[in-house]
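Visitor: Quick check, what structure comes out for this input:
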Amino acid sequence: MLGLAILGPVFYDADYARQSLRNAHKPPFTEGYLLGTDSYGRDMAIRLFVGFRVSLLVAAAVTALSLLVGVILGMVGGYLGGSTDRVIRSSTDFIWGFPLILVAVLLVGGLGEGLFPVILAVGIVNVAAITRVVRGEVVGLKEKEFVEAARAAGVSSYRIMWRHLSPNVLAPALIMASYLIAVAVIAEAALSFIGLGAQPPLPSLGKMIADGRGFLRINHWEATIPGIGIVLLVLAVSMIGDGLRDHFDPRLRHEGRRKKSK
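Guide: Residues are numbered from 1 along each chain as shown. The predicted model follows:
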């Protein structure tokens, strides 16, 4: 999927914005069109490849933002506790209570349409998820012997958090982030479907479905092809998340080795 997003537009010689009403609604594998054309005669294949690129770029930006802010807030709140933890926990619970679509609509109203409000909206909601996971790990780790030993040796709280606790919370944070990539792909497609995401002429998988839904009975590929693309992309990312979980969880690794030995 990543290869199609990066190399597809390079090797597939077509313009995703070029319209030709004479060639509209061409079925796949006809007249040189790999996946057919849409209602404007635009090549579906190149639009699908660019749509993959848009979805993955949004997902990568959202995940980077979520990890950076979520890990910091979760570690600070979980380790320091007290009023700092209450403020961070209350803020994350407050954000978590808002539907993603509502957050996106509010940001689009203030910042305008486009991908940046989508990244910001999905990132804010995902930050709350990462913060909750990291905070839970830190609360359980800060009473361990190695942390107590570092504290008794006079190590500063900052050094304990970033040298002793961060390696232990990175694995669950990465596992959670891998699942949030799938959430970001679906959220970007949903927001683009209702017109809040990528704006024309930039293609998006959600916008392609929205454009093709009016022709489902006669030219179903215009909506089903980007729909299948979303399913495959989310499935691929979810499988990566399962692999990361199996790799970082020693209990699952031990269970896998025991099954192989049998």
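
Visitor: how about low-confidence regions in the stretch 51-200 of the chain?
Guide: By pLDDT under 70, the stretch 51-200 of the chain has no low-scoring segment.

Visitor: From the centroid of the protein, which residue is nearest?
Guide: The centroid of the chain falls nearest to residue 181 when counting by CA atoms, centre = their mean (2.4 Å).

Visitor: I'd like the distance between that residue and residue 22.
Guide: Distance, residue 181 to residue 22, by CB to CB, to the nearest Å: 40 Å. Just so you know, the C-beta spots here come from the backbone N, C-alpha and C atoms, and that holds for glycine as well.

Visitor: so residue 61 makes contact with residue 123?
Guide: Yes - using CB atoms under 8 Å, residue 61 makes contact with residue 123 at a distance of 7.4 Å.

Visitor: Comparing the two, which shows the higher neighbour count?
Guide: Higher neighbour count among residue 61 and residue 123: residue 123, with 24 against 18, using other CB atoms under 10 Å.

Visitor: Next one: the more buried one from residue 112, what distance?
Guide: Taken as CB to CB, the span from residue 123 to residue 112 is 17 Å.

Visitor: Spit out the contact partners of residue 120.
Guide: 107, 111 (CB atoms under 8 Å, 6 or more residues apart in numbering).

Visitor: is it true that it lies in a strand?
Guide: No - counting by DSSP: H, G, I helix; E, B strand; the rest coil, residue 120 falls outside a strand, being helix.

Visitor: Let me know the pLDDT of residue 210.
Guide: At residue 210, the predicted lDDT confidence score is 90.

Visitor: what packs against whatever helix or strand it lives in?
Guide: Using DSSP states H and E, the element containing residue 210 is helix 205-212. Here helix 205-212 touches helix 44-80, helix 166-193, helix 221-248, going by 3 or more CB pairs under 8 Å, 6 or more residues apart in numbering; DSSP states H and E.

Visitor: Let's have those helices in JSON lines, adding distance to residue 26.
Guide: Shown next, in JSON lines, are the helices and strands packed on helix 205-212 (distance: least, CB to CB, whole Å):
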{"stretch": "helix 44-80", "distance to residue 26": "9"}
{"stretch": "helix 166-193", "distance to residue 26": "23"}
{"stretch": "helix 221-248", "distance to residue 26": "10"}
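
Visitor: so which of the ones you listed gets nearest residue 152?
Guide: Of all those, helix 44-80 sits nearest to residue 152, with 15.8 Å by CB to CB.

Visitor: Give the buried residues for the closest one.
Guide: Buried positions in helix 44-80, judged by neighbour count with 16 or more other CB atoms under 10 Å: 44-56, 58-59, 61-63, 65-67, 69-79.

Visitor: Equivalent analysis for stretch 102-122, please.
Guide: In stretch 102-122, counting by 16+ other CB under 10 Å, buried: 103-105, 107-108, 115, 117-122.

Visitor: Tell me how far it lies from the chain's centre.
Guide: 15 Å (CA atoms, centre = their mean, to the nearest Å).
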